[in-house]
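Asker: Here is a sequence together with a model predicted from it:
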Amino acid sequence: MHGKALPYLLLMPATLFLCIFFLYPFVLVAFEAVTRDGAFTLDNFRTMAGSWKFPVTVRNTLLLAAIVVPIQLVMALLMASVVSRLETGRSAALYIFAIPLGISDLAAGLIWLAIFDQSGFLNTLLSHLGVVDRPIMFLGYQSKLTIFIAVALAEIWRATAIMMVILVAGMGLIPKEYYEAAEVFGAGPWKRFVRITLPLLRPSLQTAIILRVILAFEVFAVVAALGGTNLPVLMGETYNWQFTLQDSNVAAASALLILAISIGFTLFFLRVLRVPKEARI
Amino acid sequence: MSAVTQAPVAAVADARKAGDWLLIATAILLCVWVLLPIYLLIVNALSSPDAVTAFPKRFFPAFDLGSLSFFVNFAGVARALWNSVLVATLTMILSIGFGAPAGYALSRFDFPGKGTFRFLVLMTRAFPLPLLALPLAVMFIRTGLDDTAIGLALVHTTLALPFAVLITFSLFSGIPVELEEAAWTLGCTRLQAFRKVILPLALPGIAASAVFAFTISWNEVFAAAVLTIENRTLTAFLLQSLGESPLYLKFAGGAALVVPALIFIFAVRKYLFAMWGIANR
């Protein structure tokens, strides 16, 4: 009877929803970015790029991603390897490693604020150890470097879990026989990791890196909590254009820039880490 | 003869043991890395306002509810908490309501357009979705959805819907179609078979992905801050009062964000890996 129509009927709500709230807004934001008062113009991009903050903003965002993502990749691989080898306490370790997955970036920022604040735990520890006499101001406007380090640590702490979970799932798909065979031929743990785990993990590595890089360009609340305006990043500037400066056209241009960077990197990693169809497990 | 063979065996056993210890030590270290910052935030939240701003700090909670009661009674907090719960609940209902039928359709039918739909869903991953809030802000003002819980929930649903679709897709794919077919031959209609056979089996997984959708909305900062003014959610409230609010308010607020998230993640821990592992293929 309605066998043919049924799948479309079931897909309709989700499709309509995504068209209205995903595709349409993108058309809108692109439109808003290249127009002003109804006329086509590139002024919005010029205004955005002309702001004195712009070069710093772009540099901060890219630098943060470039430092945070590789460290996270290594940590996620370490966590995933530990988890896949643990015999007792495996599920407990998994749960604990996954906790930051459920924690908001704002909360993560506040968590690290408790550590790096002037009256925070790091200063307390340092003074107990006799390293400092007076608490240091880690997050003041003069200490850009420590703000950067604090933000990087908070980001590493918060978002490694996402990569870890993807990699654990990926490692579970690698057949045990490969490892057994390698062991028979005398390959040590490191060699097995480099020669078996890493190559076969490539599809998961690809997804993990893409997802994480996109999130890295969206960094916003962690920075707001730890650095305020002392460490401008792209997403924060977009928010500023919208609210503080009340210019939604330039905000749209800024949003489009983040989008372009995200898409660019997605395509880059899709290409660099592409997995030939025959090589998939 | 036996002495010759025993020596290497003992060496291998020693190496194994050392490896085991290293593994356990790494696991514990990584657990401390994840848990310690959360612990420190909780210590702050459970200290009196004076203790939070004092120096040096104590590393153990005083179980003083001063900060928390100040937070709860602070103007706007109760309302923000309520808004957060309301928006997250709406997001949960919308994303499962739209997502589950689509997931079911993807798992049970082969039809033209299936690939396109999957592509649309996966594409949402390559975009920084919170940015959608900018163009939607204008659209919402025109339609009267601005500053409402349902408006924000619609944006959060774009974040949660792709997950809901992919998770339910994998859930339904895991339930043998033969069960359904058996029910049909016994006289059930398609709907009855779904309700009496498939739904009970899929329910725990659906509940887990609902919790996941709730958590996504509960944690979201950017869109919440852009789209709400009077009806701010807890994250938006905390973000906008970062500049002026005292430390103890921030930490109590951070704890209020983190503790429910911990519970959510604990509740769905069994499904976490299935969800992320499969949702990212």
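Answerer: Right, received. Where do you want to start?

Asker: in the chain, which helix has the most residues?
Answerer: Using chain A. Longest helix in chain A, counting residues (DSSP state H): helix A:54-85.

Asker: wrong one, chain B
Answerer: From DSSP H, the single longest helix across chain B is helix B:2-45.

Asker: Please, where are all the helices along the stretch 51-200 of chain A?
Answerer: A:54-85, A:90-98, A:105-116, A:121-128, A:144-172, A:176-184, A:189-192, A:198-200 (DSSP state H, counting those that start in this stretch).

Asker: Now do the longest helix of chain A against helix B:2-45: the angle between them, please.
Answerer: 130 degrees (axes from the mean of the first three to the mean of the last three C-alpha atoms, to 10 degrees).

Asker: ok, how many other residues are close to whichever residue of chain A sits closest to chain B?
Answerer: Using C-beta to the nearest C-beta, residue A:169 is the residue of chain A that sits closest to chain B, at 2.4 Å. C-beta here means a position set from N, CA and C on the backbone, and glycine is covered the same way. Neighbourhood size, residue A:169 [other C-beta atoms under 10 Å in any protein chain shown]: 23.

Asker: mind checking how far it is from residue B:210?
Answerer: Applying C-beta to C-beta, to the nearest Å, the value for residue A:169 to residue B:210 is 21 Å.

Asker: Count the residues that sit near residue 76.
Answerer: In the absence of a named chain, chain A is used. 25.

Asker: Let me rephrase: I mean chain B.
Answerer: By other C-beta under 10 Å, neighbour count at residue B:76 equals 14.

Asker: Likewise for the one 5 residues further on?
Answerer: Neighbour count of residue B:81, defined by other C-beta under 10 Å: 18.

Asker: I figured it hits residue B:234, correct?
Answerer: Yes: under the criterion of C-beta atoms under 8 Å, residue B:81 makes contact with residue B:234 at 5.5 Å.

Asker: what sits in contact with each of the two?
Answerer: residue B:256 (C-beta atoms under 8 Å, 6 or more residues apart in numbering or on different chains).

Asker: Pick out the shakiest of the helices of the stretch 51-200 of chain A, pLDDT-wise.
Answerer: Mean pLDDT per stretch puts helix A:121-128 lowest among these, at a mean of 83.

Asker: Briefly note if that one comes near chain B.
Answerer: Yes: residues of helix A:121-128 contacting chain B under C-beta under 8 Å from any C-beta of the partner chain: A:121, A:123-124, A:127-128.

Asker: Quick check: residue B:43 touching residue B:59?
Answerer: Yes: the pair residue B:43 and residue B:59 qualifies as a contact (C-beta under 8 Å) at a distance of 6.8 Å.

Asker: And these two? Which one has more around it.
Answerer: residue B:43 (22 against 12).

Asker: List the backbone torsions phi and psi for residue A:137.
Answerer: Backbone torsions for residue A:137, taken as degrees, to the nearest 10, come to phi -90, psi 100.

Asker: that older thread, and the residue of chain A closest to chain B, how far is that from residue A:162?
Answerer: 11 Å.

Asker: so who does residue B:193 touch?
Answerer: B:180, B:183-184.

Asker: could you say which helix or strand contains it?
Answerer: helix B:190-193 (DSSP states H and E).

Asker: got the buried residues for the next helix or strand along the chain from that helix?
Answerer: Counting by DSSP H and E, the next helix or strand C-terminal to helix B:190-193 is helix B:199-219. Under the neighbour-count criterion of 16 or more other C-beta atoms under 10 Å in any protein chain shown, helix B:199-219 has B:202, B:205-206, B:208-219 buried.

Asker: Tell me which stretches of chain B form strands.
Answerer: Remark: strands of chain B are absent; assignment by DSSP state E.

Asker: Show me the domain layout of it.
Answerer: Following automatic domain parsing, one finds the domains of chain B at B:2-45, B:75-279.

Asker: now the first one: mean pLDDT?
Answerer: Taken as a whole, domain B:2-45 carries a mean pLDDT of 79.

Asker: check whether it contacts chain A.
Answerer: Yes: Domain B:2-45 reaches chain A (C-beta under 8 Å from any C-beta) through B:19, B:23-24, B:26-27, B:30-31, B:33-35, B:37-38, B:40-41, B:43-44.

Asker: before we move on, the earlier item: from the middle of its chain, how far away would the helix holding residue B:193 be?
Answerer: 31 Å (C-alpha atoms, centre = their mean, to the nearest Å).

Asker: Return the helix or strand in chain B with minimum mean pLDDT.
Answerer: Lowest on mean pLDDT, DSSP states H and E among the helices and strands of chain B sits helix B:269-279, with a mean of 64.

Asker: Just send the residues of helix A:121-128 next to chain B back as a markdown table, with neighbour count too.
Answerer: Formatted as a markdown table, the residues of helix A:121-128 next to chain B follow (neighbours: other C-beta atoms under 10 Å in any protein chain shown):
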| residue | neighbour count |
| --- | --- |
| A:121 | 22 |
| A:123 | 23 |
| A:124 | 18 |
| A:127 | 17 |
| A:128 | 12 |
